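# Give me a model of this one.
(2 chains)
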Amino acid sequence: MAVALFLVFAVIAVACAVNLVLQTHPIASAISLIGVMGSLGVLYLLLGGPFIAAVQVIVYAGAIMVLFTFVIMLLNAGAEKKTGRSQAARFLGVPLLVILLGLLSFVIQNLLPPTETVKFGQFTEGSPGDVGRVLFTRYLLPFEVTSVLILVAILGAIVLARKELD
Amino acid sequence: MNFLLLSLLKAAVVAVAILTTLAYLQWIERKVIAHIQLRLGPSRVGPHGLLQPVADVIKLLTKEDFSPPQVNRLVYLLAPFLAVSLALTTYAVIPFGPEVEVLGVRTTLQLTDLNIGLLFLLAISSMSVYGVALAGWSSNNKYALLGGLRSSAQMISYELPMAIALASALLVSNTLSLRELVEAQQGYHFGFLPRWNIFQTPVPQILSFLIFLICAFAETNRVPFDLPEAENELVAGFHTEYSSLKFASFFMAEYANMITGCAVATTLFLGGWTAPFPEGLGSGYIPVVVFAGAAGLAMYHGLHPARARDRLTLPAVAVVFAGIAGLFLVPAAQPILRPLFWFVAKTGFLLFTFIWVRGTLPRFRYDQLMRFAWKLLFPVAMLNLLVTGYLVAVFAH
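Numbers count the residues shown, from 1 in each chain, chains lettered A, B, ... in the order given. You can find the predicted model right below:
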């Protein structure tokens, strides 16, 4: 059951990701990206991380992608026009892609430490309580630093927006 | 019993109940608004207009299903589907009552209890913006686009104070599972005041409750926050170009979201299915008194009819209410019916508030709407969260 669900949602995620690149219209790409985020949420759920799955959907598929679609709608961005591709991309694109995939699989196969394959349902420490406890004890410093980083980003956005008003 | 079969059965019961409620909520809303405005409301189809929802459904189903030629077809069809399916998904986690035994089968009056139940609800509600936003965009119509834009901006803005208000209630209850949330609110202070989260120690969550309710109004695009469909400015807003069943889907989604909002407020702040005062003080007899009173009132007006047909319809209503009152006296049915009664009563009261507000308040201006969310609700919710967090840390553990 878990394997079947994994296959279904992995295929959906990859298909949406490919579609995201292929579509010319920004809204269609954004919808594909929502599909990717949603199926990633299901994959997290299968791996035993319900909290991460929910946050994935709330933050990425919900908040961030809503902002993306909102901006696309606000600017009323039209479909992109296809420009003639460069000669280099036409001839080198596919071979380079094959080389990249080959290198990646080689690295994963040989250089990374060998681990057992993931079994669905083995990991059970992904509940909100567990995540919270680890976040506020072992990873307290990275957590706080991240929040300061986000605060800096917010301040930066406000400063930029104010400049434009003057 | 087989888990799959039981789940299917429960899902079917909930689906039928919710869809009927959706149809009749529309009737109730029209009646209540009408009486607020000193009108009669629907009264032609069936006694007291009771068959009006059926007529509306038939009308919406048989209308011409027209798609304007300029729309982006795929997204245009996807939007109402998304809106209604996401709105109905939320009922999977809402607890309607405690664990009960029906015909020898022990089961909970809830479809499924997730340990991330509340996060699930937040996830679904954050996704439900897409139905409205994409509908507005794909219609290729400036009014629809403006409606969609307004609605997404509004839903993003009000989601923040809503989530923060939920967080402070969660601090008090210490769980994310909706069933455990209700169970944490059982019992009474001083023997009569319920331990609901709005009365909970160390910090009564009245402020969070009010913030949540206001945000629920905004999230469902209801008056006074119904700018996405402001008729005098935007024709009908995001669903201008929709007709027939596609239009009905948006309508259903709005009402389904309204019921979800009220049910979540009930579960989180008003103690879910728990009674407002202990059984020892006679809370078990309230439903009997209410239904018997309604039966008596209907019978009185049936015997002194204002219109000729009331002579037949009102006594029939009285018999139905008397039957329901009788059901509450059957000892075997009490453990199921009493929690259900309290849950429905609280949710129904909140739904009535939604309609009441629609009949009372004018619409906000757009800048007022945004200022209200960011400059008032958000800081108040944040302050409430800080105070709650501090007091919980000091007193509770």
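
# Low-confidence ranges, the chain, go.
No chain was given, so I picked chain A. A:84-85, A:114-118, A:163-166 (pLDDT under 70).

# ah, I was thinking of chain B
B:1, B:228, B:230-231, B:396-397.

# residues from it in reach of chain A?
Proximity of chain B to chain A, by C-beta under 8 Å from any C-beta of the partner chain, involves residues B:72, B:75, B:78, B:114-116, B:119-120, B:122-123, B:126-127, B:129-130, B:133-134, B:136-138, B:145, B:148-149, B:152-153, B:155-156, B:159, B:176. In this view, the C-beta of every residue, glycine as well, is placed from N, C-alpha and C.

# How about chain B: which residue is closest to chain A?
B:Ser126 (2.8 Å; C-beta to the nearest C-beta).

# hang on, that residue in a helix?
Yes. The assignment for B:Ser126 is a helix, going by DSSP: H, G, I helix; E, B strand; the rest coil.

# Give me the nearest residue to it, chain neighbours excluded.
A:Gly62 (2.8 Å; C-beta to C-beta, 6 or more residues apart in numbering or on different chains).

# List the residues that contact that neighbour.
B:122-123, B:126-127, B:129 (C-beta atoms under 8 Å, 6 or more residues apart in numbering or on different chains).

# sec struct for it, please.
Under three-state DSSP, A:Gly62 comes out as helix.

# in chain A, which residue is closest to the centre?
A:Met37 (6.0 Å; C-alpha atoms, centre = their mean).

# what comes into contact with the strand or helix carrying it?
Assigned by DSSP states H and E, A:Met37 belongs to helix A:26-46. For helix A:26-46, the surrounding residues in contact (C-beta under 8 Å, 6+ apart) are A:2, A:5-6, A:9-10, A:12-13, A:16-17, A:19-21, A:23, A:50, A:52-54, A:56-57, A:60-61, A:65, A:68-69, A:72-73, A:77, A:79-80, A:120, B:72, B:75, B:78, B:123, B:127, B:130, B:134, B:137-138.

# Please, a ChimeraX command that selects the buried ones among those?
Listed next is the ChimeraX selection for buried residues among the contacts of helix A:26-46, using 16 or more other C-beta atoms under 10 Å in any protein chain shown:
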select /A:6,9,12,13,16,17,19,20,23,50,52,53,54,56,57,60,61,65,68,69,72,73 /B:72,75,78,123,127,130,134,137,138
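
# I'd like to know which of the contacts of helix A:26-46 are part of strands.
Among the contacts of helix A:26-46, no residue falls in strands (DSSP state E).

# taking the contacts of helix A:26-46 one by one, which sit in helices?
Among those, the members falling in helices (DSSP state H) are A:2, A:5-6, A:9-10, A:12-13, A:16-17, A:19-21, A:50, A:52-54, A:65, A:68-69, A:72-73, B:75, B:78, B:123, B:127, B:130, B:134, B:137-138.

# Would you mind naming what in chain A lies close to chain B?
So chain A meets chain B at A:27-28, A:31, A:34, A:38, A:41, A:50-51, A:53-55, A:57-58, A:61-63, A:66-67, A:69-70, A:73-74, A:76, A:127-128 (C-beta under 8 Å from any C-beta).

# Pull out the CA atoms of stretch B:286-297 and give them to me as CSV.
The C-alpha coordinates for stretch B:286-297 follow below in CSV (Å, rounded to 0.1, in the frame of the first residue of the first chain):
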residue,chain,number,x,y,z
ILE,B,286,-32.3,20.8,27.9
PRO,B,287,-32.7,19.1,24.5
VAL,B,288,-36.0,17.6,25.6
VAL,B,289,-37.2,21.0,26.9
VAL,B,290,-36.1,22.8,23.8
PHE,B,291,-37.8,20.4,21.3
ALA,B,292,-40.9,20.0,23.5
GLY,B,293,-41.2,23.8,23.7
ALA,B,294,-40.8,24.1,19.9
ALA,B,295,-43.5,21.4,19.5
GLY,B,296,-45.8,23.2,21.9
LEU,B,297,-45.3,26.5,20.1
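
# chain center to that stretch, what's the gap?
24 Å (C-alpha atoms, centre = their mean, to the nearest Å).

# got a list of contacts for it?
Contacts of stretch B:286-297 (C-beta under 8 Å, 6+ apart): B:275, B:317-322, B:324-325, B:328-329, B:337-338, B:341.

# Could you count how many residues lie near residue 108?
The chain I'm using is chain A. A:Ile108: 9 surrounding residues under other C-beta atoms under 10 Å in any protein chain shown.

# right idea, wrong chain: chain B
Neighbour tally, B:Thr108, other C-beta under 10 Å: 15.

# ok, back up a step: so what's the residue of chain B closest to chain A up against?
A:57-58, A:61-63, A:66, B:159.

# can you list these in JSON lines and add distance to B:Thr260?
Shown next, in JSON lines, are those (distance: C-beta to C-beta, whole Å):
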{"residue": "A:Val57", "distance to B:Thr260": "17"}
{"residue": "A:Ile58", "distance to B:Thr260": "16"}
{"residue": "A:Ala61", "distance to B:Thr260": "19"}
{"residue": "A:Gly62", "distance to B:Thr260": "16"}
{"residue": "A:Ala63", "distance to B:Thr260": "19"}
{"residue": "A:Val66", "distance to B:Thr260": "19"}
{"residue": "B:Glu159", "distance to B:Thr260": "14"}
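
# and which of these is nearest to A:Phe143?
Comparing the contacts of B:Ser126 against A:Phe143 with C-beta to C-beta places A:Ile58 closest, at 17.7 Å.

# what residues are up against that closest one?
B:119, B:122-123, B:126.

# repeat that for 10 Å
Neighbouring residues of A:Ile58 by C-beta atoms under 10 Å, 6 or more residues apart in numbering or on different chains: A:41, A:64, B:119-120, B:122-127, B:159, B:163.

# What of B:Leu312?
Shown in contact with B:Leu312 (C-beta under 10 Å, 6+ apart): B:47, B:302, B:305.

# So the first one sits against B:Leu314, correct?
Yes. Between B:Pro47 and B:Leu314 there is a contact at 8.5 Å, judged by C-beta atoms under 10 Å.

# So for these two, which residue has more residues nearby?
B:Leu314 (23 against 14).

# my guess is the more buried one meets B:His48, correct?
Yes. Contact criterion C-beta under 10 Å: B:Leu314 and B:His48 qualify, at 9.1 Å.

# what sits up against stretch A:127-135?
A:48-52, A:54-55, A:124-125, A:139-140, A:142-143, B:115-116, B:118-119, B:170, B:174-177.

# So which elements touch whichever helix in chain B runs longest?
Ranked by number of residues, the top helix in chain B under DSSP H is helix B:3-36. Contact here means 3 or more C-beta pairs under 10 Å, 6 or more residues apart in numbering or on different chains; DSSP states H and E; on that basis helix B:3-36 packs against helix B:52-62, helix B:73-89, strand B:105-109, helix B:244-269, helix B:334-360.
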